[in-house]
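1. Whatever this is, show me its structure:
(one chain, ligands or ions: 2)
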Amino acid sequence: MRILSGIQPSGQLHIGNYFGMMQPMIANMHHSELYAFIVDLHALTSVHDRAALERGTIEAAADFLALGLDPDRCIFWVQSDVPEVAELAWILSTLTPMGLLERCHSYKDKVAKGIAPSHGLFAYPVLMAADILLYQAERVPVGKDQKQHLEVARDIAIKFNNTFGETFVVPEPVIDDNVATVPGLDGQKMSKSYGNTIPIFTDAKALKKRVMAIVTDATPVEDPKDPDNCNLYNIYKLFAPADRLQEVHDLYVNGGAMYGKIKLELVDLLWEHFREARERQRQLLGDPGGLRDILRRGAAKAREKAAVTLDLVRERVGLKY
Ligand code: ADP
Ligand code: TRP
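-> Ligands and ions are numbered 1, 2, ... in the order given. Reported below is the predicted structural model:
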């Protein structure tokens, strides 16, 4: 099975990214052909600061490796090191209906959040389709917010195949229902662009500050509460051991759940959960040259695969005269 996913180097990695995408990718490392990459061309739709993009790219590489991605067991690279993807994106854009892109929620949400509505932002799903189709990926692990983009990629693949003959594998999304959307501090989807995240790689003081800021209701301690409607519980359950989770669940249902205490427990759980990864990330960031070498080696492997698909595509559409 060929599995592929990417992440934008546009901010601090958070637990939504971890459960939505990184963990499922890393879990597949031992029994699949894995393609993992850092989508810096996509990040250009929102980051126009050279230093921030460079730093973000190196940090994203360190984060992925620190969390357990083994570059010898997968292909791991930076998107822009394989320029073939931009050519494929152009070819695909010539058969992407405008209506398909006009319906994309992500574009509308980002514009509503103040990101400039550039052509690149509008065409973002076409580049994402090119990312996926270029490597003939079969499965794409993502959070629920990316589901519509996967549908766009599938529609484009089918349209291309119908127009020019069987060329692309039609990819399937992999979305784990239990963690499809990790809530943020305010209960909306956790997202870098909403400023409501719990970052993975942060110091103890900042972590505690974030967790204590999780929004909870004002119901008195002794009143029964619905755990499934509680933002704090929905984050806590991702980290708590099963027996303790059951106890806390019962406190919600029967009364007696103390938000402050649960938050402090959550701080400790998070700190322990990512302890080793934090240490590894620090070491990796101490050797940016080593990280660049890993990424360049990955790009060379990815480029070989990309060239095969692009050659076929060029032939199919009539660019090889
Ligand atoms: P952000 O919304 O913070 O900018 P990205 O768009 O970079 O995050 O997402 C990277 C990956 O993490 C994608 O696969 C996305 O679906 C997943 N992801 C992001 N936020 C969440 C969340 N709150 N819950 C589950 N998955 C998420
Ligand atoms: N759009 C994705 C996100 O914001 C990132 C991405 C770009 C991606 N290309 C991809 C994810 C290809 C999976 C496959 O999270």
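2. Excluding chain neighbours, give the residue nearest to F168 in space.
-> Using Cβ to Cβ, 6 or more residues apart in numbering and skipping residues adjacent in sequence, the residue nearest F168 is A157, 4.1 Å away. (Each C-beta comes from the backbone N, C-alpha and C, glycine too.)
3. Distance check, the one you found against ligand 2.
-> When distance is defined by Cβ to the nearest ligand atom, to the nearest Å, A157 is 13 Å away from ligand 2.
4. What is the burial count for that residue?
-> 20 (other Cβ atoms under 10 Å).
5. same thing with D243?
-> With other Cβ under 10 Å as criterion, D243 counts 7.
6. part of a helix, is it?
-> Yes. According to DSSP: H, G, I helix; E, B strand; the rest coil, D243 belongs to a helix.
7. From the chain's centre, how far out is the strand or helix carrying N17? Work that out for me.
-> Assigned by DSSP states H and E, N17 falls within helix 15-17. In terms of Cα atoms, centre = their mean, to the nearest Å, the centre of helix 15-17 is found 8 Å from the chain centre.
8. So which residues on the stretch 51-200 of the chain come close to ligand 2?
-> Selection of the stretch 51-200 of the chain residues close to ligand 2 by Cβ under 6 Å from any ligand atom yields M128, D131, I132, V140, V142, Q146, H149.
9. By pLDDT, give me the weakest of these.
-> Across the set of these, V142 stands lowest in pLDDT, at 93.
10. Quick one: residues contacting that one.
-> S5, G20, M21, H149, L150, P173, V174, I175 (Cβ atoms under 8 Å, 6 or more residues apart in numbering).
11. Ligand 2: which of these is nearest?
-> S5 (4.3 Å; Cβ to the nearest ligand atom).
12. So what does the closest one have for phi and psi?
-> Backbone geometry at S5, expressed as degrees, to the nearest 10, gives phi -160, psi 160.
13. The closest residue to ligand 2 within the stretch 201-321 of the chain: what's its closest spatial neighbour, skipping adjacent residues?
-> Nearest residue of the stretch 201-321 of the chain to ligand 2, counting by Cβ to the nearest ligand atom: A302, 12.6 Å away. Setting aside the residues directly before and after it, A302 is nearest to W77 in space (Cβ to Cβ, 6+ apart), at 4.7 Å.
14. do the same with R278
-> Leaving aside its sequence neighbours, R278 sits nearest to F201 (Cβ to Cβ, 6+ apart; 6.0 Å).
15. Just give me the neighbour total for that neighbour.
-> By other Cβ under 10 Å, 19 other residues sit near F201.
16. circling back: among the contacts of V142, which are located in strands?
-> Using DSSP state E, the members of the contacts of V142 that fall in strands are S5, P173, V174.
17. Provide a ChimeraX selection command restricted to the buried entries of those residues.
-> Only the buried entries of these go into this ChimeraX selection, using 16 or more other Cβ atoms under 10 Å:
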select :5,173,174
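18. Same list, the ones in strands among the contacts of V142, but as CSV with pLDDT and distance to N234 please.
-> Formatted as CSV, the ones in strands among the contacts of V142 follow (pLDDT from 0 to 100; distance: Cβ to Cβ, whole Å):
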residue, pLDDT, distance to N234
S5, 97, 23
P173, 96, 22
V174, 94, 21
